[in-house]
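Undergrad: kindly return the folded structure for what I paste below:
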Amino acid sequence: MMTPVSTVQGEDILRLVVAGHLHFQSLWAGVSLGVFEMLAGGPLTLAEIAEKAGLALQPARMMMANLVALGFVKSEAGRFSNSEVATLRLLRSGQDNLVDILHVYARIIYPGIEDYVQSLRENRNVGLGRFPGQGATLYERLAASPDLESVFQAAMAAMPSNRFLAPSFDLRGRRHLCDCGGGNGRNAIELARANPELRVTVFDHPTVCEKAAANIASQGLSGRIAVAPGNFLADPFPPGIDSVLYAHIGPIWSAETNTGVFKRAAAALPEGGTFSIYNMVPADDHSGPAYVTAGSVYFHALATGQGFMHSVPEYTEMLRAAGFSDVRVVRDLPVSHALITGIR
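TA: Predicted coordinates for the structure are as follows:
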């Protein structure tokens, strides 16, 4: 006897996955056409939404039907309003909003991972070919596309997990932190504010450091936060540091590449210096959560062709191989994050 489809375990997840890109495009349409911002002012009719979005009535009807079905918009008596999740996550005024993260998915990640199957077959980031420029990684190519680089850096700064770093990061006694791959300086700024005696240097690509320097200056912290343009895979670490932060960088690279970076950092640190990894991590046996393990698709198909969502034991092994004998772990931080610190 055939099992009814509705009773097959995992069927609902399968349906969501199969139509996943369609659902994303529906959501992105709502964000990019300003629907959620419109509805923040109060309920609107379909005709009012169509007029404000510059759409004909039928496309507007299609878009709103999908947004209602997904639960991002509510419909009552012919008028539409934002759901709770839309108010919190899809408005720029919402706490931990995902607007910039959705933007990077729409412009960079989704186009780049279309070649995932071929990337698996060839064991390289085939999706990089969809982006112009020189270099073997997405980050090098973004440097040649200022618009896309701005989209990417805005998304990295908007990651909700960033705000949980400073409260979890014990920097007592540290005087000079190197924020390795520090992007536009958001973490550096928050850490400097939380630790008044701390100096921070953002170590990243030259075009990224330009954005960081402007952001740091706008916050009045140029006297305590510097930038060091360079490539942390090859260039010397900034002098005089006693600690390094590696936030949201580890999955970009293979264990071998990371261990090489950790060894070079260890050589630049004094005895007792620290190297801290802050990242989303899967279960130790890589059994999930699915939203964590999925990150490997992006890192392999597009970013570098060698990245992986490493686990806490794997990061611990890398640090020890690099000469950090004492490794301490803070687990179970929000959004499946961990803070792993090796002491030289």
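
Undergrad: ramachandran angles for Ser119?
TA: Backbone torsions for Ser119, taken as degrees, to the nearest 10, come to phi -60, psi -40.

Undergrad: likewise for Asn279?
TA: phi -160, psi 160.

Undergrad: what about it, distance to Leu269?
TA: The spacing between Asn279 and Leu269, counted by C-beta to C-beta, to the nearest Å, is 20 Å. Placement of C-beta: from N, CA and C, glycine included.

Undergrad: ok, now Asn162?
TA: 24 Å.

Undergrad: what's the answer for Met318, then?
TA: Counting by C-beta to C-beta, the gap from Met318 to Leu269 is 16 Å.

Undergrad: neighbour count: these two, which is higher?
TA: Met318 (28 against 22; other C-beta atoms under 10 Å).

Undergrad: show the contacting residues for the nearest residue to that one once chain neighbours are set aside.
TA: Excluding the flanking residues, the one nearest Met318 by C-beta to C-beta, 6 or more residues apart in numbering is Thr259, at 4.7 Å. Counting by C-beta atoms under 8 Å, 6 or more residues apart in numbering, Thr259 makes contact with Met318, Ala321, Ala322.

Undergrad: wait, doesn't Thr201 sit right on Gly185?
TA: No - Thr201 is beyond contact range of Gly185, at 10.4 Å (criterion: C-beta atoms under 8 Å).

Undergrad: below-threshold pLDDT in the stretch 101-250 of the chain: ranges please.
TA: Across the stretch 101-250 of the chain, nothing is flagged by pLDDT under 70.

Undergrad: in it, which spans are helices?
TA: Along the stretch 101-250 of the chain, counting by DSSP state H, counting those that start in this stretch, helices occupy 110-112, 116-122, 138-142, 146-158, 165-168, 186-194, 206-218.

Undergrad: mind putting those helices in TSV, mean neighbour count included?
TA: Listed next are those as TSV, based on neighbours: other C-beta atoms under 10 Å:
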stretch	mean neighbour count
helix 110-112	18
helix 116-122	14
helix 138-142	21
helix 146-158	18
helix 165-168	16
helix 186-194	22
helix 206-218	18
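
Undergrad: circling back: sitting in helices, which of the contacts of Thr259 do you find?
TA: Judged by DSSP state H, the subset of the contacts of Thr259 located in helices is Met318, Ala321.

Undergrad: buried residues in the helix or strand harbouring Phe36?
TA: Using DSSP states H and E, Phe36 sits within helix 35-39. Buried residues in helix 35-39, counted by 16 or more other C-beta atoms under 10 Å: Val35, Phe36, Glu37, Met38, Leu39.

Undergrad: who touches that helix?
TA: By C-beta under 8 Å, 6+ apart, helix 35-39 touches 29-30, 44, 49, 52-53, 63-64, 67, 72-73, 80-82, 86, 90-92.

Undergrad: list the contacts for Val151?
TA: Contacts of Val151 by C-beta under 8 Å, 6+ apart are Asp100, His103, Val104, Arg107, Ile108.

Undergrad: oh, I was asking about Leu70
TA: His23, Ser26, Leu27.

Undergrad: that's a strand at Glu51, yeah?
TA: No - looking at Glu51 with DSSP: H, G, I helix; E, B strand; the rest coil, it is helix, so not inside a strand.

Undergrad: count the neighbours of it for me.
TA: Around Glu51 there are 13 residues (other C-beta under 10 Å).

Undergrad: how about the one 3 residues further on?
TA: Using other C-beta under 10 Å, Gly54 has 9 other residues around it.

Undergrad: can I get stretch 181-192 as PDB, trimmed to CA atoms?
TA: In PDB, the C-alpha atoms belonging to stretch 181-192 read as follows (Å, rounded to 0.1, in the frame of the first residue of the first chain):
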ATOM      1  CA  GLY A 181      39.200  40.400   8.600                       C
ATOM      2  CA  GLY A 182      37.300  43.000  10.600                       C
ATOM      3  CA  GLY A 183      35.200  44.400   7.700                       C
ATOM      4  CA  ASN A 184      33.700  47.800   8.200                       C
ATOM      5  CA  GLY A 185      34.800  48.000  11.800                       C
ATOM      6  CA  ARG A 186      31.500  47.200  13.600                       C
ATOM      7  CA  ASN A 187      33.000  44.700  16.000                       C
ATOM      8  CA  ALA A 188      36.100  46.800  16.600                       C
ATOM      9  CA  ILE A 189      33.900  49.800  17.500                       C
ATOM     10  CA  GLU A 190      31.700  47.800  19.900                       C
ATOM     11  CA  LEU A 191      34.700  46.100  21.600                       C
ATOM     12  CA  ALA A 192      36.500  49.400  22.000                       C
END
